[in-house]
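> kindly generate the corresponding structure for this input.
(3 chains)
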Amino acid sequence: MANIFPHKHLLSASQLSKSDIHIITTRAQEFLNSGISTTPKYDFLRGKTVVSAFFEGSTRTKLSFELAARRIGADVLSFTASASSLSKGESLIDTLNTIDAMGVDMWVVRHSFSGAVDFMSGFSDCSFLNAGDGQHQHPTQGLLDILTMQQHFGDLTGKNICIVGDILHSRVARSTAILLKTLGANVGLLAPGTLFPHDVSNWKVSQFRKIDDAVEWADALNILRIQRERMASGLLPSLEEFSNFFGVKMKHLLRKPDLLIMHPGPVNYGVEIDHDVARAVQSVIQKQVTNGVAVRMAVMALLAENIERI
Amino acid sequence: MANIFPHKHLLSASQLSKSDIHIITTRAQEFLNSGISTTPKYDFLRGKTVVSAFFEGSTRTKLSFELAARRIGADVLSFTASASSLSKGESLIDTLNTIDAMGVDMWVVRHSFSGAVDFMSGFSDCSFLNAGDGQHQHPTQGLLDILTMQQHFGDLTGKNICIVGDILHSRVARSTAILLKTLGANVGLLAPGTLFPHDVSNWKVSQFRKIDDAVEWADALNILRIQRERMASGLLPSLEEFSNFFGVKMKHLLRKPDLLIMHPGPVNYGVEIDHDVARAVQSVIQKQVTNGVAVRMAVMALLAENIERI
Amino acid sequence: MANIFPHKHLLSASQLSKSDIHIITTRAQEFLNSGISTTPKYDFLRGKTVVSAFFEGSTRTKLSFELAARRIGADVLSFTASASSLSKGESLIDTLNTIDAMGVDMWVVRHSFSGAVDFMSGFSDCSFLNAGDGQHQHPTQGLLDILTMQQHFGDLTGKNICIVGDILHSRVARSTAILLKTLGANVGLLAPGTLFPHDVSNWKVSQFRKIDDAVEWADALNILRIQRERMASGLLPSLEEFSNFFGVKMKHLLRKPDLLIMHPGPVNYGVEIDHDVARAVQSVIQKQVTNGVAVRMAVMALLAENIERI
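As a prediction, this is how the structure comes out:
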């Protein structure tokens, strides 16, 4: 059957077919159309326990997942731990086994190690949802980006979407780029030479070194957050320099008024994006946040149907 | 219509008319009469999400608000952040916008900056409830004090209520004094000279320098908590000195057995109030805590009715 | 009537008769048989508020209690505080009184001071459940151990159960040993001389100094976690030495294949127990975790019935 979501876990954007993405964003849009702000709004996870396990700090993603889970009826067991206190694979699996033994159904996991969520899923009968693992993947962020672009452009085939900033360290870039290519969009990357991924030639994307070229090419800019700690590691000369050569400013919007502006937040104003740009009508940054809750509701509801089925 | 509560927010005691106060305390008393300890007890906020955002530490007030919210049916999104990590107005508003975009209805905010809650309410469509902002206001504390006094005295017109201690830094004093005056009570202040507010002449209150005079005048003493850090700033010579000249002791209750004793907690025994006084029959300190939950249920229920209406 | 549970609190394993233990483990087994992983599954605590107050850190016990409470319908007020900030008896009781005044029904308390929960129960009308107090008692851990052994052995009369490790500092050992003796089992203790309790002669148990003797004698080993800080205090020469003389290894299981292996977790692999032993078919460590949730549901449900009755 075409509209069955054939996955037990959501670990990476690369596991999703064009049809899978369509099922998720369609479901998310249905949630948005009937309003998402009521808790609980739906019963998809009624009686089920979702473990929200953030081994790496995050406020907004954690809130988004936990609200989403409760809005589809789940009981949320919120578990925060520093990766350092659980740095040995052994005890991560012990923690997993212990909580599993208490009777839970789904894990939402953020971890600073790439591959950690995939690893955990091999030691459990639960569904796993990757909420960001190291520099590897953050698939629901990619999906909310896709939903936001679909709301604006409709079909994304042939659209030119440029990801801007620290591509090298970004799981967001990796997730969004894969989904865009699955949907037939053209992906561009704009970054300083030091922040391109080392294997960028395998990405099969357009590479830009100048923001003016990227703006001219793109239908949408997906601007990443610059981590200030990159300064210390010598990958960027200074925030001012980055802002001068790669920051998105009002002059770019004036030159191209239909350019869509996206950012996963939180924003460093005056660094990767100017305040006026973030607040311009072309900016869909707040919409991305709302879509994040809807996409997470959709993914969890779809995975939950498979808890019974698989 | 007389008994409609005409407010979208509760930011300051000064916005409340005599009728508003009456509506709130009447509703709170109804909640108390039918018992408040069941969760959820009422549906006033069913399906609604209340953000409990404490940018300044507090255990008891946070618990009181969150219990109150759940007891009238709300889903509570508990959000704790240090003011320092959000010290720029810019990012406070970004946090607000982000959480708003997830679909929430009411904010309960404590912040160390006077005016912060008022400021936030200008950037959101939600209802805002001030849970303490700097040295400015803490209106639900004032309201629970009023309810407690009304339970004891009935009508407060003409009653003499003396607030004792560190008036200068107290948002509790500012909130309670305003409400008392709105209701026609006489307000007195007893404090060391260094802890009177600089604009005390505008307060139009009786000023006392000796506890014996205050005890003789007052029907009730509302005793504030002394913050030990005032010692370091040189505003108080020592805790012993403060206790000797301003502390409430059994001898005062023996002299005036019908004196009502109030304190917002937590108490520094032997400093602003002796242990025996806090536990005496004249003390309504525990009742204030119970009334706090009821008053917060009442205010949130009344504001929620206006979410639909306004 | 025989099957009424005649307690308002659960403070110590020593308060439980053979019949009481039977009522608890029977109820827990019924919960397990009908599945415990749904939240809420039962209404025993519907509308009731359980305060989960951990004055000493614990992740797994706290999660277990809170899940158990929610699965029988309670609203959980989760309260974490360092014992240091509440080290004076005075303010512990103030905290208790304040939260009680907000309208709560049951306290689940862990505290680093032996006797703290008993002390608190004297100042409140609520039910108290001891979740571990100092080196004194941790009765639900003892009960889950009993349930796990009953599932394996049936009647425990005459069974030989050996507790291994740091008996001196262990509230688990104290709770489990008492329950075992109440049920007519034979209790053994295996420990280095420095880690036997000073009053061990009063325990009326078999004492072992060599693991081979204990393995030969025992039907089950209940292995305690070694706290690494015991090294610094000079009570143990080294972890390697402890492991060599007291650690449970595969050779012991090979010699006695029907030996039941228990551990309250988290495990120090290679210290008190080898990894292969913890994962062997004889190990019921995960089952203990599941039984922990069921036993806590049972105890809270039984105490809740008495909230109405007493």
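> can you give me every residue that contacts the closest residue to chain B within chain A?
Across chain A, no residue is closer to chain B than residue A:37, which sits at 3.1 Å (C-beta to the nearest C-beta). Quick note: C-beta positions are derived from backbone N, CA and C, even for glycine. When contacts are counted by C-beta atoms under 8 Å, 6 or more residues apart in numbering or on different chains, residue A:37 touches B:49, B:103, B:104, B:105.
> would you mind giving those as TSV with secondary structure, distance to residue A:133 and neighbour count added?
Formatted as TSV, the contacts of residue A:37 follow (DSSP: H, G, I helix; E, B strand; the rest coil; distance: C-beta to C-beta, whole Å; neighbours: other C-beta atoms under 10 Å in any protein chain shown):
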residue	secondary structure	distance to residue A:133	neighbour count
B:49	strand	29	23
B:103	coil	27	20
B:104	coil	28	23
B:105	coil	33	22
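> filter those residues by proximity to chain A?
Among those, the ones lying near chain A by C-beta under 8 Å from any C-beta of the partner chain are B:49, B:103, B:104, B:105.
> my read: the second one touches residue A:293, true?
Yes: counting by C-beta atoms under 8 Å, residue B:103 does reach residue A:293; the two are 6.5 Å apart.
> give the residues shared as contacts by these two.
Residues touching both residue B:103 and residue A:293 (C-beta under 8 Å, 6+ apart) are A:36, A:67.
> can you mark which positions in the worst-scoring helix or strand of chain A on mean pLDDT are buried?
Lowest by mean pLDDT, DSSP states H and E among the helices and strands of chain A is helix A:229-232, with a mean of 70. Of the residues in helix A:229-232, residue A:230 count as buried by neighbour count, 16 or more other C-beta atoms under 10 Å in any protein chain shown.
> following it, which helix or strand comes up?
Sequence-wise, the next helix or strand downstream of helix A:229-232 (DSSP states H and E) is helix A:239-246.
> for chain C, what's its nearest residue on chain A.
Closest to chain C within chain A is residue A:103: 3.1 Å, counting by C-beta to the nearest C-beta.
> run through who's touching stretch A:224-240.
A:163-170, A:172-173, A:192, A:194-195, A:242, A:263-268, A:271-272.
> tell me if the helix or strand hosting residue A:307 is near chain C.
Applying DSSP H and E as the criterion places residue A:307 in helix A:285-309. No: applying C-beta under 8 Å from any C-beta, one finds helix A:285-309 separated from chain C by no less than 11.1 Å.
> sort out which residues of that helix are buried, please.
Buried residues in helix A:285-309, counting neighbours by 16+ other C-beta under 10 Å, are found at A:285-304.
> quick one: it near chain B?
Yes: shown here: helix A:285-309 in contact with chain B (C-beta under 8 Å from any C-beta) through A:286, A:287, A:289, A:290, A:292, A:293.
> got the residues you listed as TSV, with distance to residue B:254 columns?
Converted to TSV, the residues of helix A:285-309 next to chain B look like this (distance: C-beta to C-beta, whole Å):
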residue	distance to residue B:254
A:286	63
A:287	67
A:289	61
A:290	63
A:292	63
A:293	61
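> return the closest of those with respect to residue B:184.
Within those, the smallest distance to residue B:184 is 46.6 Å, found for residue A:286 (C-beta to C-beta).
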